[in-house]
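> okay, sequence plus prediction incoming.
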Amino acid sequence: MPDPRRKGYGDARMKRVILPILCLLLLLGASGCASILEGEVSVIEPYASRRDDPGSDSSEDAPLIASDEDFALAVQNMLAQEKTEAVFRMPLPEDMSAREAELMDLCQSVALETPLGAYAVYYISCRLTPIVAYCNVQVSVTYKREAEDIDSLFTVSSLRYMDSRLRSSLSNFSQELVFRTALDDITEEYLTERITYLFRRAPLDCLLEPELDVVCYPAATGDRIMEVKFLWPYRRAVMEDMRSRTISRADEIAGHTGNTDDYGVIQTLIAEHNNGTTLLPSPVSSLTDSAYGYLVTRSGTRKSAALSLKALCDRLNIGCYVVEGWHGGESAWWNIVSCDGKWYHVDPTGGHVSPADGSPLLSDDVMTAEQYYWDTADYPACPDAYPIAQPPSGTEPTPAEIPDEPAADVSPEPDEGGEADTPIDQETTEEPAPDGNGEENGSGQPVSDESQQEETP
């Protein structure tokens, strides 16, 4: 008969053996097949973005890329989405090492020879991993630009749109402008010329003219990204304050013109903006070549004077151009303004007037005679000088213009002999005829041409 104590002891031993086995089986079930199949599969992170959570896509869902061209396009799309990691599927090659080198060259080509790659990529690499009948190509990218820089890129497809973005950048005192374009007309020289044009067209909105630093990625022609940096002489807050003061001064001068005709307004503007201003022979700084210099600091060059008159005319909706030309072999600046529906040259410093009547509004012929030269194709024609109203020359004075003559003496009545008391040999004096153009002033004296010129404003 078996010993009960012995039997209980045997059951206890069995439990102690079975329990560890059950625990081991539970552990194996919890870990799944990963540990059993370790080394036979690879876990690959698909499409990691700098903005999105990684792992949202699966490499198994990606289409199989069969050609090098498709692979290059896929890498470019990866850059456009700002991915730092991406996995692509390709057919399994016979020589993994050689194929990996070929794909690495393609990645380098995308980084160096495409606009976005040249602009944004600092380093790019790829690695192949075999998966049964195909391989995974893992591409890794390190960027030299922030995500915000890539997001702010825009495309320029017309010169008009380019002008609008440049004008906005000048008005806002922007630090840089980065865009993508395929227009070969947009070069560094073109951008510099357009900045100059916009600065002269709106000297209050675009207060200062910056220098430019232009870099093209990857080349200066074809599809490319252009990075334009504006080199301003002052901080934005300082320049915004300068513009505010310039506008206030322009409004103050414009308010003094009153309700007069165009000619009177232009005369007032010239007189007011020259009042107390020092004309410099050459620029001392960028300020003395701007409207701020002539209007606010009261010290500027002829260029500053021309920009100032343009700013004043803009406040009063008077058509005005800033003209850059030559005089005596040197650079010269003046304006062409609209007056009573016609265009005229005007020297904003008040230094030149018409030799005929003293008018500040001059014609092309007068400017040419004074040895001024400019590109006539860039500005409207000025065929006439402004006609200042004057009485026509060579006309007889009207009765109303003849001064009153003193009453004649009453001659004594003749004596009985019929002879007057006047001596027979006395000559009768005649009134002197008016000279020149037959005009007289209020005192009965002839008016000379010189007195007319002195009385003209």
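Great, that's in hand.
> show me the strands in this structure, by range?
For the chain, the strands identified by DSSP state E occupy 48-49, 83-91, 121-131, 134-143, 154-156, 176-181, 211-217, 224-231, 278-279, 299-300, 320-327, 330-339, 342-346, 372-373, in order along the chain.
> just send these back as a markdown table, with mean neighbour count, distance to Tyr197 and mean pLDDT too.
C-betas here are computed from N, CA, C, even on glycine. What follows is those, written out as a markdown table (neighbours: other C-beta atoms under 10 Å; distance: least, C-beta to C-beta, whole Å; pLDDT from 0 to 100):
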| stretch | mean neighbour count | distance to Tyr197 | mean pLDDT |
| --- | --- | --- | --- |
| strand 48-49 | 17 | 42 | 54 |
| strand 83-91 | 19 | 41 | 94 |
| strand 121-131 | 16 | 35 | 95 |
| strand 134-143 | 19 | 36 | 95 |
| strand 154-156 | 13 | 17 | 97 |
| strand 176-181 | 18 | 16 | 97 |
| strand 211-217 | 15 | 13 | 97 |
| strand 224-231 | 18 | 15 | 98 |
| strand 278-279 | 13 | 25 | 92 |
| strand 299-300 | 22 | 20 | 94 |
| strand 320-327 | 19 | 10 | 94 |
| strand 330-339 | 20 | 15 | 94 |
| strand 342-346 | 23 | 19 | 95 |
| strand 372-373 | 16 | 20 | 92 |
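> Leu73: which of the ones you listed is closest?
strand 83-91 (10.7 Å; C-beta to C-beta).
> can you put the strands of the chain in a markdown table and add distance to Asp364?
Output for the strands of the chain, formatted as a markdown table (distance: least, C-beta to C-beta, whole Å):
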| stretch | distance to Asp364 |
| --- | --- |
| strand 48-49 | 63 |
| strand 83-91 | 62 |
| strand 121-131 | 56 |
| strand 134-143 | 58 |
| strand 154-156 | 37 |
| strand 176-181 | 38 |
| strand 211-217 | 34 |
| strand 224-231 | 36 |
| strand 278-279 | 25 |
| strand 299-300 | 26 |
| strand 320-327 | 12 |
| strand 330-339 | 10 |
| strand 342-346 | 7 |
| strand 372-373 | 9 |
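> of all these, which lies closest to Ile195?
strand 211-217 (6.5 Å).
> adjacent strands (with direction) for that closest one?
Sheet pairing of strand 211-217 (DSSP bridges) gives strand 224-231 (antiparallel).
> and for the strand it pairs with, what are the contacting residues?
Under the contact criterion C-beta atoms under 8 Å, 6 or more residues apart in numbering, strand 224-231 has outside partners 115-116, 118-119, 153, 169-170, 173-182, 186, 191, 210-218.
> just want the angle from that strand to strand 176-181.
With axes from the mean of the first three to the mean of the last three C-alpha atoms, to 10 degrees as the criterion, the two stretches strand 224-231 and strand 176-181 enclose an angle of 160 degrees.
> much appreciated, bye for now.
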